[in-house]
Each structure stands twice: as C-alpha cells, then as structure tokens.
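>>> model the following, please.
(one chain, ligands or ions: 1)
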Amino acid sequence: MSALTFLSEFFRNWKTVGAIAPSSPALAARMMESAEVWRAERVLELGPGTGALTQGIADVMPAAARYLGIELSEPFVYKLRQRFPQMQFEQGAAQEFGFDSVLGEDAAIDVIISGLPWTAFPESLQEAILDHVLPRLAPGGRFATFAYWGLHQLPAGRRFRALLHDRLPGVETTRVVWGNMPPAFVYVARKS
Ligand SMILES: C[S@@+](CC[C@H](N)C(=O)[O-])C[C@H]1O[C@@H](n2cnc3c(N)ncnc32)[C@H](O)[C@@H]1O
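Model prediction:
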C-alpha cells in the first residue's frame, strides 16, 4: 500500500517527492545507526513521506523521546498519522516551519533525519532548508540524510554536500546500501 501511495504522489508532485519508491529497511537501519537515534531525546524528521524512515526511528528511539515529522504533502501526512498515531506529524515546508510554536522556544533537537530529495532542489532551497533547521540542532547533535549513489556526483548533489560541509564540517559518508532502490548512502554530520 505504501509503495502505491508513494508512486501516485510521485506522479502528482515529482519535483518534491524526488523518488519513485520509499527507502528500504536496510537504508533506514543505516540512517538510524549513523545518527545514533537510540540515544536521542528529540528527533526531527524532514520529508517522512509514507514513513519508511519513520518506522526505523520508531523502532529505535527511546520511549520517552519526542518526535516531530514535517511533511509537505497532505496525503502523506494523512497516511502517516494513521500509521503512527503515537507520533507527531505536521504538514508544512521544512524551510519555513515554525518550530517555536510546536517545540517551544529554543528547544534543541538531538537528531535530524532528512528524507528530502536534495538533488532535485535548486541551491536556494537547499540553503534555505539547511539554514532554517540546522540552528535548531543541539551541540553534539547529529544530522543524517541519504543520497542516491551516482546522483551525488551531479552538480546539485555536489552543491548540497558543499553546503552541508560549510555548515557542519566533517561530514562523513557511509558504505552504499546496494539493496536500496536506487542504491544510496548516508551523509552524517555532527554539530560541534
Ligand atoms: C524522496 S521522498 C522520501 C520519503 C521517505 N523519507 C523515504 O525515505 O522513503 C521526499 C519527501 O520529502 C517531502 N518534501 C519535499 N520537499 C519538502 C519540504 N520542503 N518540506 C517538507 N517535506 C518535503 C516530499 O513530499 C516527500 O514525501
């Protein structure tokens, strides 16, 4: 069901969905491990889609941790709320979401998991999102996102990596998850 929902939303909004299939459980597990979600108190997910990474978060996040997912697509938000009734999803754009009203002023986030299709975005949007969300990351907090292998070498992919590196020096890359469709790896960065 989630693969069908995902594909139909891709045909309606291919520029923002940016992928034809949800992430695999193996990629979700690589993201969780890289970002050490198991020891987070506050987790923010950008672009949860149909919940492929959200399931990974739910599986390892401490029971007392707070989760917030920001998703642009209304149909996806509707499905997410049904699938994960214990988690909080808000419909909105990551680059302008009002975190203060939901999390409280100055509330710092330990882990940001992003499923956003960075290579489909213009540089101005890549920058706007990073500059809106990264200031909310706590010192020592982790930011993890995935990139499709091969697409990371395109200009938009290189630009994203450079923008991320400018803001969080020391970005690391994991091994490629070949079983994902398409194959993907994780960028993980830590705020000093
Ligand atoms: C590549 S899909 C990833 C979905 C899911 N995280 C996964 O890994 O299977 C990208 C998701 O980001 C959402 N999205 C795109 N631009 C967004 C934005 N500016 N703010 C919030 N969500 C956005 C899309 O609607 C879509 O659900």
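
>>> contacts and neighbour counts: CA atoms only from here.
Noted.

>>> residues in contact with the most centrally placed residue in the chain?
Taking CA atoms, centre = their mean as the criterion, residue 114 is the residue nearest the geometric centre of the chain, at 1.2 Å. The neighbours of residue 114, taking CA atoms under 8 Å, 6 or more residues apart in numbering as the test, are 45-48, 143-146.

>>> show me which residues of the chain sit near the ligand.
Within reach of the ligand by CA under 6 Å from any ligand atom, the chain has these residues: 16-19, 22-23, 46-49, 51-53, 70-73, 92-95, 115-117.

>>> please indicate which of those are buried?
16-19, 22-23, 46-49, 51-53, 70-73, 92, 94-95, 115-117 (16 or more other CA atoms under 10 Å).

>>> sitting in helices, which of those do you find?
Judged by DSSP state H, these include 16-17, 52-53 as members of helices.

>>> I'd like these as a markdown table, with pLDDT and distance to residue 190 appended.
Converted to a markdown table, these look like this (pLDDT from 0 to 100; distance: CA to CA, whole Å):
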| residue | pLDDT | distance to residue 190 |
| --- | --- | --- |
| 16 | 76 | 26 |
| 17 | 72 | 26 |
| 52 | 96 | 23 |
| 53 | 98 | 19 |
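
>>> any idea how far the helix or strand hosting residue 130 is from the chain center?
Using DSSP states H and E, residue 130 falls within helix 123-133. Centroid displacement of helix 123-133 relative to its chain, using CA atoms, centre = their mean, to the nearest Å, is 13 Å.

>>> any chance you could map the strands in the protein?
Using DSSP state E, the strands of the chain run over 42-46, 66-71, 88-91, 109-114, 137-148, 172-173, 184-190.

>>> good, we can wrap up now.
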